[in-house]
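Visitor: No sequence on hand, only this structure:
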């Protein structure tokens, strides 16, 4: 029984991981392209300077710690 039908070659393990890694790097490079970096919204060079809408309040029901006087607390 000769196999006369030609079957496609299987990709070897090493070649698969190389191709997979290259495709992942290409997708990440496409998503994080320099075009998006330079065409960002606004001209704010410091992104941490944005005003935050988070308000921090002290919980009135929490236990308050009292500082103990000792060698380390002068």
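Guide: In hand now; what should we look at? Note that the coordinates shown come from a computational prediction; the quantities given were computed from them, not determined experimentally.

Visitor: Report how many residues lie close to residue 52.
Guide: Neighbour count for residue 52, taken as other Cβ atoms under 10 Å: 7. (Glycine included, C-beta is placed from N, CA and C.)

Visitor: Assign a three-state SS to it, would you?
Guide: Classification of residue 52 using DSSP: H, G, I helix; E, B strand; the rest coil returns coil.

Visitor: what sits against it?
Guide: Not one residue lies near residue 52 by Cβ atoms under 8 Å, 6 or more residues apart in numbering.

Visitor: give me phi/psi at it?
Guide: When read as degrees, to the nearest 10, the backbone of residue 52 gives phi -90, psi 140.

Visitor: What score does it have for pLDDT?
Guide: Here, the pLDDT recorded for residue 52 equals 75.

Visitor: Can you tell me what sits against the longest helix belonging to the chain?
Guide: Using DSSP state H, we find that the single longest helix of the chain is helix 13-31. For helix 13-31, the surrounding residues in contact (Cβ under 8 Å, 6+ apart) are residue 11.

Visitor: ok, residue 64 - how many residues close by?
Guide: If you count neighbours by other Cβ under 10 Å, residue 64 ends up with 5.

Visitor: what helix or strand is it on?
Guide: Remark: residue 64 resides in no helix or strand, with elements defined by DSSP states H and E.

Visitor: Okay, it and residue 13: tell me how far apart.
Guide: 61 Å (Cβ to Cβ, to the nearest Å).

Visitor: where does this structure have low pLDDT?
Guide: Scanning the chain for pLDDT under 70 picks out 1-4, 34, 36-50, 69-74.

Visitor: What residues of stretch 7-21 count as buried?
Guide: Under the neighbour-count criterion of 16 or more other Cβ atoms under 10 Å, stretch 7-21 has nothing buried.
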